[in-house]
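Chemist: sequence first, predicted coordinates after that:
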Amino acid sequence: MRNPRRTIGSATTALLFAVAAGCAQSPGTDPSTNPPSTKKTSTDGTPKETDSEVASASAKQTIHDYFATVDKLGQDDDQPVGDLGDVATSRQLSVLRTTITQQRKAGQRQTGSTKVAELKVQSVNMDNSDPAAGKVPTVIVDVCWDVSDVDVVDKSGKSIVSPNRPDAAWTRYTVANYHWSDHPTDGWRVASGQDLKQSPCKAS
């Protein structure tokens, strides 16, 4: 696990999600590409989305919601930390809760918002055989985030972001759905993340 302070100083995507990405662990699944699902046809003959297609689209939306929520909580102390439960789970949720709480106690506040510059779905695994053991539908998503417009200031309004912080970098997120049977589209949460060592996308 990375030192959270070091991660904050070097990557700071809202001072928050970079910390979670560097510290979060796998949710206990073994994500891999599933065999192609069989297309379903509606009563009017129009092909329906496969489960994998639904999962992929839902995971993409979850990533956007995730960054928007983390930004909101970093910018406004009055926003409830409990909102994280709508976009994160497992280790990712625990790390974010701790980090945001510590940031607020220190009087630190975010300005500006994180941009999702690029988003690539790498794999989809629809195994839902044992949710209690972490065997749930999982989508692996690579995200290039852009924090060129993001700053974090202390109580006096002085920036605490390292001048060497990169404006953009890649993180691989595991987006999982522990409630697939009942909530195939809105049950997705970011469960873990890992920073990738590759050339960043161009900051917008």
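Modeler: Nice, I can see it.

Chemist: contacts and neighbour counts: CA atoms only from here.
Modeler: Fine.

Chemist: and after the longest helix seen in the chain, which helix or strand comes next?
Modeler: Determined from DSSP state H, the single longest helix within the chain is helix 51-75. Sequence-wise, the next helix or strand downstream of helix 51-75 (DSSP states H and E) is helix 90-105.

Chemist: got the buried residues for that next one?
Modeler: Using 16 or more other Cα atoms under 10 Å as the test for burial, helix 90-105 gives 90, 91, 92, 93, 94, 95, 96, 97, 99, 100, 103, 104.

Chemist: and the last one, how far from residue 154?
Modeler: Read it as residue 104. With the distance defined as Cα to Cα, to the nearest Å, residue 104 ends up 10 Å from residue 154.

Chemist: ok, the third one next?
Modeler: The span separating residue 92 from residue 154 equals 25 Å under the rule Cα to Cα.

Chemist: follow-up on the earlier one: would TSV of the buried residues of helix 90-105 with pLDDT and distance to residue 47 be doable?
Modeler: TSV is the format used below for the buried residues of helix 90-105 (pLDDT from 0 to 100; distance: Cα to Cα, whole Å):
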residue	pLDDT	distance to residue 47
90	94	35
91	91	37
92	95	36
93	96	36
94	95	40
95	94	41
96	95	40
97	96	41
99	95	44
100	96	44
103	95	48
104	96	49
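
Chemist: returning to what we had before: other residues contacting the longest helix of the chain?
Modeler: Here helix 51-75 makes contact (Cα atoms under 8 Å, 6 or more residues apart in numbering) with 14-17, 36-37, 79-81, 83-84, 87-88, 100, 109-116, 119, 121, 124-126, 137-139, 141, 175, 184-186, 188-190.

Chemist: and the gap between residue 195 and residue 139?
Modeler: 16 Å.

Chemist: check residue 197 too.
Modeler: In terms of Cα to Cα, residue 197 sits 20 Å off from residue 139.

Chemist: who has more neighbours out of those two?
Modeler: More neighbours surround residue 139 than the other of residue 197 and residue 139, with 29 against 9 (other Cα atoms under 10 Å).

Chemist: could you export the helix or strand hosting the more buried one as PDB, CA atoms only?
Modeler: Here residue 139 sits within strand 138-146, counting by DSSP H and E. Extracted in PDB, the C-alpha atoms of strand 138-146 (Å, rounded to 0.1, in the frame of the first residue of the first chain):
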ATOM      1  CA  THR A 138     -17.500  -7.300 -12.400                       C
ATOM      2  CA  VAL A 139     -16.300  -4.800 -15.000                       C
ATOM      3  CA  ILE A 140     -12.700  -3.700 -15.300                       C
ATOM      4  CA  VAL A 141     -12.400  -0.100 -16.500                       C
ATOM      5  CA  ASP A 142      -9.300   1.900 -17.300                       C
ATOM      6  CA  VAL A 143      -9.700   5.600 -16.600                       C
ATOM      7  CA  CYS A 144      -7.500   8.500 -17.500                       C
ATOM      8  CA  TRP A 145      -8.400  11.300 -15.100                       C
ATOM      9  CA  ASP A 146      -7.600  15.000 -15.600                       C
END
